[in-house]
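Asks: Here's my sequence, what's the structure:
(chains A, B, C and D)
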Number of protein chains: 2
Amino acid sequence: MTNNIRVERAIKNITQAELAELIGVSRQTINTIESNRYVPSTILALKIARVFNKPVEEIFKLEKED
Amino acid sequence: MTNNIRVERAIKNITQAELAELIGVSRQTINTIESNRYVPSTILALKIARVFNKPVEEIFKLEKED
DNA sequence: CAAAAATGTAAAACATACTTTACATTTGGT
DNA sequence: ACCAAATGTAAAGTATGTTTTACATTTTTG
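Replies: Predicted coordinates for the structure are as follows:
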């Protein structure tokens, strides 16, 4: 799975730490998701999508190997 | 978080076991998600939503306590 | 009603998410 | 070039997701 969080953050001009605080997780959690080091829970995905006002599918995309 | 999987299954008329096979997880995984006993990963949510041709947000909904 | 199919649930084992702390590296502004 | 802010990364610990096996209960169908 891949994601567009970095791009969406750039559009909204917020840092990883700010996004983390908006969602209620640690900055490292955002960082590792953004770096594709792990797959977040659906709750986190919904919250992230909500911050960016976009559907989950526009931010997180399945890949062939998923 | 709550979900509509049971309703969507009913619309499509498929069993838990069939949904599980379509997605590539065990039947118990579907059963426990459906019973709100745990929150699936974003990969699973995307796959489930894809099976039902609906956005993730229509199948999984955040609650106040999330 | 009886048999079969579907669903609920539970325990153990394993895999993965998430936090915290800490530090190194990179980027941006002056 | 310097300083501050932002980002990358890593290790240890905790929490939670997922599988497998197994069995009980409920629902469906003949």
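Asks: contacts, neighbours, all on C-alpha from now
Replies: Will do.
Asks: give me every residue that touches residue A:29.
Replies: By C-alpha atoms under 8 Å, 6 or more residues apart in numbering or on different chains, residue A:29 lies in contact with residue A:20.
Asks: What separation do you get for it and residue A:37?
Replies: To residue A:37, residue A:29 is 10 Å away according to C-alpha to C-alpha, to the nearest Å.
Asks: What about residue A:46, how many residues nearby?
Replies: By other C-alpha atoms under 10 Å in any protein chain shown, the residues close to residue A:46 number 24.
Asks: my bad, residue A:45
Replies: Residue A:45 has 24 nearby residues by other C-alpha under 10 Å.
Asks: What confidence value was assigned to it?
Replies: Confidence at residue A:45, expressed as pLDDT, is 96.
Asks: isn't it right next to residue A:55, touching?
Replies: No. Using C-alpha atoms under 8 Å, residue A:45 is not in contact with residue A:55, being 9.5 Å away.
Asks: which residues of chain A fall in strands?
Replies: A:2-3, A:60-61 (DSSP state E).
Asks: how about the first one, does it get close to DNA strand D?
Replies: Put plainly, it is strand A:2-3. No. Strand A:2-3 does not reach DNA strand D (C-alpha under 7 Å from any atom of the strand); its nearest approach is 12.9 Å.
Asks: What strands flank that strand, and is each parallel or antiparallel?
Replies: strand A:60-61 (antiparallel) (DSSP bridges).
Asks: who touches the strand it pairs with?
Replies: Contact with strand A:60-61 is made by A:1, A:2, A:3, A:4, A:45, B:42, as judged by C-alpha under 8 Å, 6+ apart.
Asks: Quick one, which of those residues are buried?
Replies: A:3, A:45, B:42 (16 or more other C-alpha atoms under 10 Å in any protein chain shown).
Asks: Those residues into a markdown table, with extra columns for distance to DNA strand C?
Replies: Listed next are these as a markdown table, based on distance: C-alpha to the nearest atom of the strand, whole Å:
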| residue | distance to DNA strand C |
| --- | --- |
| A:3 | 13 |
| A:45 | 8 |
| B:42 | 8 |
